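K.L.:
Compute the structure for the input listed below.
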Amino acid sequence: MWKWAIAHKVSSVVIAAVVIWGGYYGYGKLTTPAAQTRYVLAQATKGTLVTSVSGTGQVSVSSQVDVKAQASGTITYVNGSQGQPIKAGDIIAKIDTTDAEKAVRDAQANLLSAQIALQKLTEPTTALNQAQAQDALAQAEQSKIDATNSLAKAYSDGFTSVSNAFLDLPGIFTGMDGVMNGSNLSSNQGNTSVYLDLVKLYRPDAPDFFNKAVDSYQTAKALYTQNLIDYKNTSITSGATTTAALINETYATVQSTSDAIKDLKSFLDMVNDTLTSNKQARIPSLLATQETQLQGYTSTNNSHMSDLLNIENTITSSNNTIAQSNQTINEKTLTLQQLTTGPDPLDVQAAKLTVEQRQNALTDAQDTLANYYVTAPFDGVLAKVDVKLGDNASSGAVIGTVITNQQIAQITLNETDIAQVKLGQKATLTFDALPDLSLTGKVTEIDTLGTISQGVVTYGVQIALDATDPTVRSGMSVSASIITNVYQDAILVPTSAIKSQGQNSYVSVFATPPAGATSATASTQGVVSPVAPTSQTIQIGAADDTMTQVLSGLNEGDTVVTRTVTITAAPAAAASSGSLLGGVRIPGVTGGGGGFGGAARTGGAAGATGAARGN
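P.N.:
Coordinates of the predicted model:
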């Protein structure tokens, strides 16, 4: 029995210990501190960004170097002769620079234009500027008023001209109708059919004259009939659209009437000429009267046509002036608003970008112009000149040979990097065998043709060292970094801060920098912020190994996130390495320090021993 009692007590203690252990560690889990995000920060700075391309090769000591042309054209200048000492930069020959100089002048003019535009956009507003803008706006508004009044008068005058035309048109068509179809004239002499019968025996082409006169008359008569109906349905108070349509319609009617009068008179003239030339023919007495009558119609009709044409031109001119005035008013209003509120920041940014682009274009044009001057790459002796005045040189052709003992690094570059390399660019050189030595040089020769090996194209580049060093020996391995571009006053951020999504680039920024953003630890260990950063879309430019140029989207001093660090703190309960039951003593067990957990480490043997003794 006593054995069962001891075992029962031990089981109870075990159950209690398990409950205590589970509750303790469960509480520890529930009270584990939340993960903490720290933001490693940097600021957008304004500085100089230097981009470069790198290649490897060997050092050689050159005794002679072929100097090659980097442009094509006619040789216009040759300097020096065989055996003449020559200094670095001395001109050996010049290729015709006419086009290249023009390109530089154009680029300079374009840059100046962009700079003036930027200056005008950003220059402070003066009272005179505002007064001039207000005056220009007032002039545009007055021009619109004048044109509107002129248009209204033109419509009124136009209706009057239409009315005047319809005072004469009925009589004109009555007269023409008498010539065309008159049948009650004495001796049946007076209509076109009678005249045609008189002359068709003498003039085979008489029917052509007759038919043309008939067609013209019928066309004009149809226009006149419809025009008369429209005129009767219109008044001087009709709207501008209706009046303009009536003026155009009446002008077309008068013009068609003039054509009919002309063709009918041409027929009568033909009849008169034919009968006059035939002595046996009798000339109708009414013919001369009709010709005189048609001549009068022509004069009257031409007068109406001139009036209507002037009205049409005035209406068109007034409408154009109103449209131009509206456009000018909009422009002058915007100009006045801009003078009052200042330029749009985006317009200023665009103007600055244009200046930068024009500056780059000028630099490129100047670099291209420099290629037309073939110069000595270093001090030495001009061994020979391979061209003479008037020769045509092509890019890559040898112009002369310079002898020197200068050390030269010959490296290779891939087809992507070679496109950025130009003659005269500076380079920094390091040597595998001399880790503490760094020398400078400049590019003196670039292969025109590449070398293909296993499908990879490489180009040779020759770099002349600015100074010789006795520790540098021919054949040593060399690494060269050629400076391709230098960007002054560029907005720079660490490349690690830039993210991309599709074609867009963005950075995480703080509108208000968190506490400690400018401390030393902000750029190493990061800071905590109660407010998460936001994404800012940017436009990026050139980059080196660590920094990237930001063309737009950031300003100097903006705070950006380069990376985030998430820290999870260990719960306090887990910090204890002892057992919860390490100090619990079990009745009847005399071993010390055993217990649960503790027996597994150091107290196990003692506990076991005590239990044995208890038995």
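
K.L.:
Helix, strand, or coil at residue 327?
P.N.:
helix (DSSP: H, G, I helix; E, B strand; the rest coil).

K.L.:
what about it, neighbour count?
P.N.:
By the criterion of other C-beta atoms under 10 Å, residue 327 has 11 neighbours. The C-beta positions use only the backbone N, C-alpha and C, and glycine is treated the same way.

K.L.:
and what of residue 544?
P.N.:
Using other C-beta under 10 Å, residue 544 is surrounded by 14 other residues.

K.L.:
Could you verify my assumption that it touches residue 50?
P.N.:
Yes. If you go by C-beta atoms under 8 Å, residue 544 and residue 50 touch, sitting 6.3 Å apart.

K.L.:
For residue 557, I want the exact helix or strand it lies within.
P.N.:
Assessed by DSSP states H and E, residue 557 sits outside every helix and strand.

K.L.:
close enough to count as contact, it and residue 492?
P.N.:
No. In this structure residue 557 lies outside contact range of residue 492 using C-beta under 8 Å: 11.9 Å.

K.L.:
Compare those two (neighbour count), which wins?
P.N.:
When neighbours are counted by other C-beta under 10 Å, residue 492 comes out ahead of the other of residue 557 and residue 492, with 25 against 11.

K.L.:
got the contact list for the more buried one?
P.N.:
Contact criterion C-beta atoms under 8 Å, 6 or more residues apart in numbering gives 44-47, 49, 547-550 as the residues in contact with residue 492.

K.L.:
out of those, which is most surrounded?
P.N.:
Ranked by the number of neighbours (other C-beta under 10 Å), those place residue 550 first, at 25 neighbours.

K.L.:
Can you report how many residues neighbour the closest residue to it other than its chain neighbours?
P.N.:
Leaving out its chain neighbours, the residue that sits closest to residue 550 by C-beta to C-beta, 6 or more residues apart in numbering is residue 491, at 4.5 Å. The burial metric for residue 491, expressed as a neighbour count using other C-beta under 10 Å, is 23.

K.L.:
Verify the contact between residue 491 and residue 48 for me.
P.N.:
No. Under the criterion of C-beta under 8 Å, residue 491 is not in contact with residue 48, lying 11.6 Å apart.

K.L.:
Just put the contacts of residue 492 in CSV and tack on pLDDT.
P.N.:
Compiled in CSV, the contacts of residue 492 are given as follows (pLDDT from 0 to 100):
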residue, pLDDT
44, 89
45, 92
46, 91
47, 91
49, 89
547, 91
548, 93
549, 92
550, 93
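
K.L.:
Find the pair from those residues with maximum spatial separation.
P.N.:
Distance extremes for the contacts of residue 492: the farthest pair is 46 and 548 at 13.6 Å, using C-beta to C-beta.

K.L.:
between residue 557 and residue 492, what contacts are shared?
P.N.:
Common neighbours of residue 557 and residue 492 are listed as 44-45 (criterion: C-beta under 8 Å, 6+ apart).

K.L.:
circling back to that earlier point, quick one: which of the contacts of residue 492 is nearest to residue 385?
P.N.:
Using C-beta to C-beta, the shortest approach to residue 385 within the contacts of residue 492 belongs to residue 49, at 40.8 Å.

K.L.:
beta partners for that closest one?
P.N.:
Legend: beta-bridge partners of residue 49 under DSSP bridges are residue 487.

K.L.:
where's it relative to residue 108, distance?
P.N.:
When C-beta to C-beta, to the nearest Å is the yardstick, residue 49 and residue 108 sit 25 Å from each other.

K.L.:
where along the stretch 301-450 of the chain do the helices fall?
P.N.:
With DSSP state H, counting those that start in this stretch applied, the stretch 301-450 of the chain shows helices at 345-370, 415-418, listed in chain order.

K.L.:
Please save the CA atoms from the shortest one in CSV.
P.N.:
Extracted as CSV, the C-alpha positions of helix 415-418 are listed here (Å, rounded to 0.1, in the frame of the first residue of the first chain):
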residue,chain,number,x,y,z
GLU,A,415,31.0,45.7,-78.2
THR,A,416,28.7,47.3,-75.6
ASP,A,417,31.5,49.1,-73.8
ILE,A,418,33.5,50.1,-76.9
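
K.L.:
packing partners for it?
P.N.:
Under the contact criterion of 3 or more C-beta pairs under 8 Å, 6 or more residues apart in numbering; DSSP states H and E, helix 415-418 touches strand 45-61, strand 456-465.

K.L.:
ok, back up a step: tell me which residues touch the residue nearest to residue 550, please.
P.N.:
The neighbourhood of residue 491, defined by C-beta under 8 Å, 6+ apart, consists of 44-46, 549-551, 554-556.

K.L.:
and what of residue 302?
P.N.:
Under the criterion of C-beta under 8 Å, 6+ apart, the contact partners of residue 302 comprise residue 258.

K.L.:
out of the helices and strands packed on helix 415-418, nearest to residue 435?
P.N.:
Distances from residue 435 to each of the helices and strands packed on helix 415-418 were compared using C-beta to C-beta; the minimum, 14.9 Å, belongs to strand 45-61.

K.L.:
Identify each buried residue in that closest one, please.
P.N.:
By neighbour count on 16 or more other C-beta atoms under 10 Å, the buried set for strand 45-61 is 49, 51-53, 55, 57, 59.

K.L.:
With distance to residue 129 as extra columns, can I get those in JSON lines?
P.N.:
Output for those, formatted as JSON lines (distance: C-beta to C-beta, whole Å):
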{"residue": "49", "distance to residue 129": "38"}
{"residue": "51", "distance to residue 129": "42"}
{"residue": "52", "distance to residue 129": "47"}
{"residue": "53", "distance to residue 129": "49"}
{"residue": "55", "distance to residue 129": "56"}
{"residue": "57", "distance to residue 129": "61"}
{"residue": "59", "distance to residue 129": "64"}
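
K.L.:
of the residues you listed, closest to residue 352?
P.N.:
The shortest separation between residue 352 and any of the buried residues of strand 45-61 is 17.0 Å, and it belongs to residue 49 (by C-beta to C-beta).

K.L.:
what sits against that closest one?
P.N.:
Contacts here follow C-beta under 8 Å, 6+ apart; on that basis residue 49 touches 486-487, 490, 492, 542-544, 547, 549.

K.L.:
mind giving me a markdown table with those and columns for distance to residue 92?
P.N.:
Putting the contacts of residue 49 into a markdown table (distance: C-beta to C-beta, whole Å) gives the following:
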| residue | distance to residue 92 |
| --- | --- |
| 486 | 28 |
| 487 | 32 |
| 490 | 37 |
| 492 | 40 |
| 542 | 34 |
| 543 | 38 |
| 544 | 35 |
| 547 | 40 |
| 549 | 37 |
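
K.L.:
and those residues, which of them are in strands?
P.N.:
Taking DSSP state E as the definition of strands, the contacts of residue 49 contribute 486-487, 490, 492, 542-543, 547, 549.

K.L.:
ok now do the closest residue to residue 448 other than its chain neighbours, which residues does it touch?
P.N.:
What sits nearest to residue 448 in space, not counting adjacent residues and going by C-beta to C-beta, 6+ apart, is residue 396, at 3.9 Å. With contact set as C-beta under 8 Å, 6+ apart, residue 396 has these partners: 68-70, 448.

K.L.:
same thing with residue 466?
P.N.:
Counting by C-beta under 8 Å, 6+ apart, residue 466 makes contact with 439-442.

K.L.:
switch to 7 Å and redo it
P.N.:
Residues touching residue 466, when contacts are defined by C-beta atoms under 7 Å, 6 or more residues apart in numbering, comprise 440-441.
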